[in-house]
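Colleague: coordinates only, sequence not included:
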Ligand code: SUG
């Protein structure tokens, strides 16, 4: 009964380009642009429709209450009074990137046979550091069944960014797997957001078997090149690890450790000579959903930017034409999210569970996605310019839009 369910963060009505994420090249280079929250959310919904049509189970999470006045209150200020940088941080729709919501260890990996989730503290970036209370409330609701154990965040200052720095290798999603935590070491121009102590604490809370748990250092080259999360340069599914040559600090040792812990692994590595790190980051080749298709074989749900990057598309077409494990290339348009550095894989949190144990309000079907799209089309702002964040009228519209969605999905309890 255990199956992989992808929970996508619905893109919130306050989606905007404030350039808040140092080390995230897309966020910095699109700072100040006019965003399109409605189009953004519809793109995300279309991705869910696409994956549902592939026969993959799909869930979703609600956008959080923004602007976050409670957080501003803890800083002694208000929406009207806040300095521009704090106001932008309070407005961020960054919870859309559900890969940063939590780290998930499926039940077969844990000594107590429960599926464990630890909500990410996201302490490195101020605009993300206030996501966790809203996310935790939602996780506690969606995964209230005793099949799950939902944990509070790891305390600061140990930065934790959730599943974006976590990979799992297994013979099938319902079998015991090897969990790989990828951490960074700070010191460079761009921050390392995932700390080793946080990863180790999560592994202990999740009661993982040390023999099936690896801690691997992300390469500083990747971080300084703009790979602020490991899922920008590597992704795993079942026995396949799809990775760029520069992903890990000590490539040979990392590969050897992974092979020793999971001998059946198939490492599909893209060399720098075929795709440079800047091309990998610009195209988000690895920020793809590597999925097991119901008809057998794996598909790669990747951003259309990958198709537009010649070196990347050439490599992919050669791989599919050969005998590689990726059998299908499935481009999706999530450009509004991509402009803030969030690709298809950032937008989803993978949870291996029996769907019957999840609160059904968080599970998607085609009709429900149509209902969500109708609320978005009616209530989400069409455009937000940076100067608009000071508007109390817009703040009111954003709140009303979220409330309409919560009501449509019988989730007003999260209001
Ligand atoms: O944390 N962007 C997010 C993107 C997160 C992508 N997630 C994964 N790789 N899993 C971040 O950098 C930009 C917001 C702004 O600049 O307004 C932002 O937060």
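Modeller: That came through, no problem. Because the structure is a prediction, the values reported are computed rather than measured.
Colleague: wait, what's in contact with residue 289?
Modeller: For residue 289, the contacting residues are 6, 51, 235, 300, 301, 302, 344, 345, 348, taking Cβ atoms under 8 Å, 6 or more residues apart in numbering as the criterion. Quick note: C-beta positions are derived from backbone N, CA and C, even for glycine.
Colleague: likewise residue 114?
Modeller: By Cβ under 8 Å, 6+ apart, the contact set of residue 114 is 107, 146, 147, 148, 149.
Colleague: any idea which of those residues is closest to the ligand?
Modeller: Nearest to the ligand out of the contacts of residue 114 is residue 148 (Cβ to the nearest ligand atom; 21.6 Å).
Colleague: tell me, how many neighbours does the residue in the stretch 251-400 of the chain that the ligand sits nearest to end up with?
Modeller: Scanning the stretch 251-400 of the chain for the residue nearest the ligand gives residue 346, at 3.2 Å (criterion: Cβ to the nearest ligand atom). Applying the criterion other Cβ atoms under 10 Å, we find 27 residues in the vicinity of residue 346.
Colleague: got the phi/psi numbers for it?
Modeller: Residue 346 has phi and psi values of phi -70, psi -30 when expressed as degrees, to the nearest 10.
Colleague: start the count at 560 instead of 1 going forward.
Modeller: Right, with 560 as the first residue, what we last looked at is residue 905.
Colleague: which residues does the closest residue to it other than its chain neighbours contact?
Modeller: Counting by Cβ to Cβ, 6 or more residues apart in numbering, residue 905 lies nearest to residue 656, which is 4.3 Å off, once chain neighbours are set aside. The neighbours of residue 656, taking Cβ under 8 Å, 6+ apart as the test, are 568, 723, 896, 901, 905, 906.
Colleague: now residue 611: which helix or strand?
Modeller: When elements are assigned from DSSP states H and E, residue 611 belongs to helix 596-612.
Colleague: where do the helices sit along the stretch 660-809 of the chain?
Modeller: Under the criterion DSSP state H, counting those that start in this stretch, the stretch 660-809 of the chain carries helices at the ranges 685-688, 691-701, 755-764, 779-783.
Colleague: mind listing what's buried along the longest one?
Modeller: Neighbour counts using 16 or more other Cβ atoms under 10 Å place 691, 692, 693, 694, 695, 697, 698, 700, 701 of helix 691-701 among the buried residues.
Colleague: which members of the contacts of residue 848 occur in strands, if any?
Modeller: When strands are assigned by DSSP state E, the members of the contacts of residue 848 inside them are 565, 794, 859, 860, 861, 907.
Colleague: now the third one, which residues is it bridged with?
Modeller: Which is residue 859. As for beta bridges, residue 859 partners with residue 849, residue 888 under DSSP bridges.
Colleague: and the pLDDT for it?
Modeller: In the prediction, the pLDDT value recorded for residue 859 is 98.
Colleague: rewinding a little: helices or strands up against the helix holding residue 611?
Modeller: With contacts defined as 3 or more Cβ pairs under 8 Å, 6 or more residues apart in numbering; DSSP states H and E, helix 596-612 has these neighbours: strand 562-568, strand 617-620, strand 857-862, strand 885-891, helix 894-897, helix 925-938.
Colleague: format these as CSV; extra columns: mean neighbour count and distance to residue 845.
Modeller: Listed next are the helices and strands packed on helix 596-612 as CSV, based on neighbours: other Cβ atoms under 10 Å; distance: least, Cβ to Cβ, whole Å:
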stretch, mean neighbour count, distance to residue 845
strand 562-568, 23, 17
strand 617-620, 23, 22
strand 857-862, 24, 9
strand 885-891, 18, 12
helix 894-897, 22, 13
helix 925-938, 16, 27
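Colleague: tabulate those (TSV), appending distance to residue 945.
Modeller: Compiled in TSV, those are given as follows (distance: least, Cβ to Cβ, whole Å):
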stretch	distance to residue 945
strand 562-568	22
strand 617-620	26
strand 857-862	24
strand 885-891	27
helix 894-897	15
helix 925-938	22
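Colleague: what's the end-to-end length of stretch 569-586?
Modeller: Distance across stretch 569-586, first residue to last, is 19 Å (Cα to Cα, to the nearest Å).
Colleague: how about that stretch: buried residues?
Modeller: With burial defined by 16+ other Cβ under 10 Å, the residues of stretch 569-586 counted as buried are 569-580, 582-586.
Colleague: enumerate the residues of the stretch 560-709 of the chain near the ligand.
Modeller: If contacts are counted using Cβ under 6 Å from any ligand atom, the residues of the stretch 560-709 of the chain sitting beside the ligand are 576-580, 583, 586, 651, 653, 656, 658-659, 684, 687.
Colleague: how about the stretch 760-909 of the chain?
Modeller: Taking Cβ under 6 Å from any ligand atom as the measure of proximity, the stretch 760-909 of the chain contacts the ligand at 787, 788, 790, 791, 899, 900, 901, 905.
Colleague: between the buried residues of helix 691-701, which sits nearest residue 749?
Modeller: Within those, distances to residue 749 taken as Cβ to Cβ reach their minimum at residue 691, with 22.3 Å.
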